[in-house]
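1. Next input, structure requested:
(one chain, ligands or ions: 1)
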Amino acid sequence: MAKLRKDFLWGGAVAAHQLEGGWQDGGKGMSVADVMTAGANGVARRITDGVLPGENYPNHEAIDFYRRYKEDVKLFAEMGFKCFRTSIAWTRIFPNGDDAEPNEEGLQFYDDLFDECHKYGIEPVITLSHFEIPYHLVTEYGGWSNRKLIDFFVKFATTCFKRYKGKVKYWMTFNEINNQTNYQSDFALMTNSGLPKHEGEDMERTMYQASHYELVASAIAVQEGHKVDPDNQIGCMIAMVPIYPLTAKPTDIMAAEKAMQSRYWFADVHANGRYPSWMPIFFENHKYNLDITDEDLETLKKGTVDYIGFSYYMSNCIEDHGGAPEYHYDEENNGTKNPYVKASEWGWAIDPEGLRYGMNWFNDRYHLPQFIVENGFGAIDKVGADGKVHDDYRIDYLRRHIEQMKLAVEYDGIDLMGYTPWGCIDLVSAGSGQMDKRYGFIYVDKNDAGEGTLARSRKDSFDWYKEVIATNGEDL
Ligand code: P53
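-> Coordinates of the predicted model:
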């Protein structure tokens, strides 16, 4: 029976904009995350027209990792982290996105952070674009609807590959690039692609165009990254939310299959280097007339990824919605409740087997190593009378997912590089902007109202995860 690799990358994951704060420090420019207000459970974040007085922007301070990272990395080391996944805020390196020269102070910050990680033998795992596009690229260029973004991104990526050569080996290009399948969502369009919604614009078409430019940019970055250092491992990052058929009715099966195609074609392009066969037909039937050149298609072929990085939180479910023969997928409205699984307070279906299913699904299609770069349980934590958070519900969620992850390795033969649970330290929720939706092993004293000392403390899950790592996943 196969086992987890000896050098399995246990760690934790975050993104720059959700924990750093210091939104104007060290020459940083404004990103799309800086114009998003705090929402609540069930209340969407608003995207404002620039930073407006009187609004609450939780990412501006976040948990002040920008100043406290040494203390935090020390706690990660205490848990035995082998790796730490974060992103490089594009706006620390190129404050406006189209600057001629990078910002030295921003580059230095990540040098210092990576040095601090290596001090403890912690390998940085870096996402280049994680929901934090320079806001200037949105207002001046229309975000990723503009082909010029390819050059800006490639310049950013190449600057990072060169600067951090020898310090960073594991990279990913675009975080959860397939979230924008939900083109009806202002949040998904803005965070993935810096696309504001315009009245009368077919946002589905715009989403396909923007995604194409991103995939071309990713393919160029992969090639550049390999040129700078052939040891670089550069992956994609896909949000794996399996979509199951509600019943065995053949049209439910077909609706689910087509929904999976609509959500995961991004991975096909990243890994196979070409569009799947249904897509040119889909574009033609919808008269999309996209800007996809022959040269682009060549680039996609040459820039395939080294591994499949993915997040896994939940599964989804669908029934035939009368869409035959195309089965056009509307992510916002086509989902249905799966009667066999319970959901979190935020309505996210808790489905550990879905993780194993997703891993098999990727493996059958791409035959590449995989890296689970996000998984976790967002919950309201209560500090006990003893001053500690007793988060047995989080331990339970993670334990059940790690069990399934191990089965995928042991029985299904999947080559798994590592596992980095999301929000290893409490941080600002991407979807809701809340602080009180927590994922961490480390508690941060700050609430939705922004009150608290920002002090860090260990939850019960901290000690549990430390043991999991120490035994390479044997002691759960
Ligand atoms: P939050 C939606 C569905 C699945 C994953 O999410 C998602 C989202 C966007 O909200 O995002 C990823 O904070 C993302 C992280 C994010 C994390 O999941 O809404 O890569 O930035 O924080 C958890 O609870």
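2. The residue of the stretch 351-476 of the chain found nearest the ligand: what secondary structure?
-> Closest contact between the stretch 351-476 of the chain and the ligand, by Cβ to the nearest ligand atom, is at residue 431 (2.6 Å). The C-beta positions use only the backbone N, C-alpha and C, and glycine is treated the same way. Taken by DSSP: H, G, I helix; E, B strand; the rest coil, the conformation at residue 431 corresponds to coil.
3. Pull the contacting residues for it.
-> 39, 45, 187, 346 (Cβ atoms under 8 Å, 6 or more residues apart in numbering).
4. Same question for residue 380.
-> 345, 436-438.
5. ok, and the closest non-adjacent residue to residue 390?
-> residue 460 (5.0 Å; Cβ to Cβ, 6 or more residues apart in numbering).
6. swap in residue 315?
-> In space, and not counting its chain neighbours, residue 315 is closest to residue 354: 3.7 Å by Cβ to Cβ, 6+ apart.
7. Just confirm the one you found is within a helix.
-> Yes - checked against three-state DSSP, residue 354 lies within a helix.
8. now for the longest helix anywhere in the chain, which elements pack on it?
-> Assignment by DSSP state H gives helix 203-228 as the longest helix of the chain. The contact analysis (3 or more Cβ pairs under 8 Å, 6 or more residues apart in numbering; DSSP states H and E) places helix 203-228 against helix 148-163, strand 170-174, helix 186-193, strand 233-239, helix 250-272, helix 294-302.
9. Could you figure out how far it is turned away from helix 148-163?
-> Helix 203-228 and helix 148-163 meet at an angle of 30 degrees, taking axes from the mean of the first three to the mean of the last three Cα atoms, to 10 degrees as the criterion.
10. What residues sit buried inside helix 203-228?
-> 203-226, 228 (16 or more other Cβ atoms under 10 Å).
11. Then stretch 415-428?
-> For stretch 415-428, the neighbour count (16+ other Cβ under 10 Å) marks 416-428 as buried.
12. ok, which pair from those is furthest apart?
-> Across the buried residues of stretch 415-428, no pair lies farther apart than 416 and 428, at 28.7 Å, counting by Cβ to Cβ.
13. Look at residue 400 and say how many residues are nearby.
-> 17 (other Cβ atoms under 10 Å).
14. Against the ligand, how distant is residue 119?
-> 26 Å (Cβ to the nearest ligand atom, to the nearest Å).
15. cool, residue 30 as well?
-> According to Cβ to the nearest ligand atom, residue 30 and the ligand sit 18 Å apart.
16. ok, back up a step: for the residue nearest to residue 315, give me its contacts.
-> Contact analysis of residue 354 by Cβ under 8 Å, 6+ apart lists 242, 312, 314-315.
17. Tell me the confidence at it?
-> We have a pLDDT of 98 for residue 354.
18. Surely residue 162 is in contact with residue 228?
-> Yes - counting by Cβ atoms under 8 Å, residue 162 does reach residue 228; the two are 5.6 Å apart.
19. looking at it, residue 159 is touching residue 100, isn't it?
-> No - look at residue 159 against residue 100 with Cβ under 8 Å: they stay out of range, at 11.7 Å.
20. quick one: which of the two has more around it?
-> Per other Cβ under 10 Å, whichever of residue 159 and residue 100 has more neighbours is residue 159, with 16 against 6.
21. need the contact list for the more buried one.
-> Residue 159 neighbours (Cβ under 8 Å, 6+ apart): 93-94, 102, 107.
22. Any figure for the gap between the residue nearest to residue 390 and residue 252?
-> From residue 460 across to residue 252, the span is 41 Å (Cβ to Cβ, to the nearest Å).
23. More neighbours: the two, which one.
-> Neighbour count, other Cβ under 10 Å: between residue 460 and residue 252, residue 252 has more, with 19 against 16.
24. Leaving out chain neighbours, which residue sits closest to that one?
-> Setting aside the residues directly before and after it, residue 252 is nearest to residue 245 in space (Cβ to Cβ, 6+ apart), at 4.0 Å.
25. residue contacts, residue 209?
-> Shown in contact with residue 209 (Cβ under 8 Å, 6+ apart): 145, 288, 290-291.
26. is it possible to export those to a markdown table including pLDDT and distance to the ligand?
-> Formatted as a markdown table, the contacts of residue 209 follow (pLDDT from 0 to 100; distance: Cβ to the nearest ligand atom, whole Å):
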| residue | pLDDT | distance to the ligand |
| --- | --- | --- |
| 145 | 98 | 21 |
| 288 | 98 | 26 |
| 290 | 98 | 26 |
| 291 | 98 | 28 |
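27. got a list of what the residue most central in space within the chain touches?
-> Centroid-nearest residue in the chain, with Cα atoms, centre = their mean: residue 175, separated by 3.8 Å. Going by Cβ under 8 Å, 6+ apart, residue 175 touches 15, 87, 127, 129-131, 237.
28. Which of those fall within helices?
-> With DSSP H as the criterion, helices contain none of the contacts of residue 175.
29. Now tabulate the residues you listed in JSON lines and tack on distance to the ligand and neighbour count.
-> Shown next, in JSON lines, are the contacts of residue 175 (distance: Cβ to the nearest ligand atom, whole Å; neighbours: other Cβ atoms under 10 Å):
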{"residue": "15", "distance to the ligand": "5", "neighbour count": "26"}
{"residue": "87", "distance to the ligand": "9", "neighbour count": "23"}
{"residue": "127", "distance to the ligand": "8", "neighbour count": "26"}
{"residue": "129", "distance to the ligand": "11", "neighbour count": "29"}
{"residue": "130", "distance to the ligand": "6", "neighbour count": "27"}
{"residue": "131", "distance to the ligand": "6", "neighbour count": "26"}
{"residue": "237", "distance to the ligand": "8", "neighbour count": "29"}
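30. would you turn the residues you listed into TSV with pLDDT?
-> Output for the contacts of residue 175, formatted as TSV (pLDDT from 0 to 100):
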residue	pLDDT
15	99
87	99
127	99
129	98
130	98
131	98
237	99
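31. The strand or helix carrying residue 137 packs against which elements?
-> Using DSSP states H and E, residue 137 sits within helix 135-141. Contacts defined by 3+ Cβ pairs under 8 Å, 6+ apart place helix 135-141 against helix 148-163.
32. who's in contact with the residue nearest to residue 444 when sequence neighbours are not counted?
-> Counting by Cβ to Cβ, 6+ apart, residue 444 lies nearest to residue 426, which is 4.1 Å off, once chain neighbours are set aside. When contacts are counted by Cβ under 8 Å, 6+ apart, residue 426 touches 63, 381, 435, 438-440, 442-444, 446.
33. What sits closest to residue 92 if chain neighbours are left out?
-> Here the residue nearest residue 92, using Cβ to Cβ, 6+ apart, is residue 106, at 3.1 Å.
34. these two touch, right, the one you found and residue 66?
-> No - the pair residue 106 / residue 66 is not scored as a contact, 10.7 Å apart, by Cβ under 8 Å.
35. who touches both of those two?
-> Going by Cβ under 8 Å, 6+ apart, residues that sit against residue 106 and also against residue 66 are residue 26.
36. okay, now residue 75: neighbour count?
-> 18.
37. cool, and residue 259?
-> With other Cβ under 10 Å as criterion, residue 259 counts 27.
38. ok so, going back, quick check: which of the buried residues of stretch 415-428 are also close to the ligand?
-> Among the buried residues of stretch 415-428, the residues that sit close to the ligand (Cβ under 6 Å from any ligand atom) are residue 422.
39. Format the buried residues of stretch 415-428 as CSV; extra columns: secondary structure and pLDDT.
-> Putting these into CSV (DSSP: H, G, I helix; E, B strand; the rest coil; pLDDT from 0 to 100) gives the following:
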residue, secondary structure, pLDDT
416, strand, 98
417, strand, 98
418, strand, 98
419, strand, 98
420, coil, 99
421, coil, 98
422, strand, 98
423, coil, 98
424, coil, 98
425, strand, 98
426, coil, 98
427, coil, 98
428, coil, 98
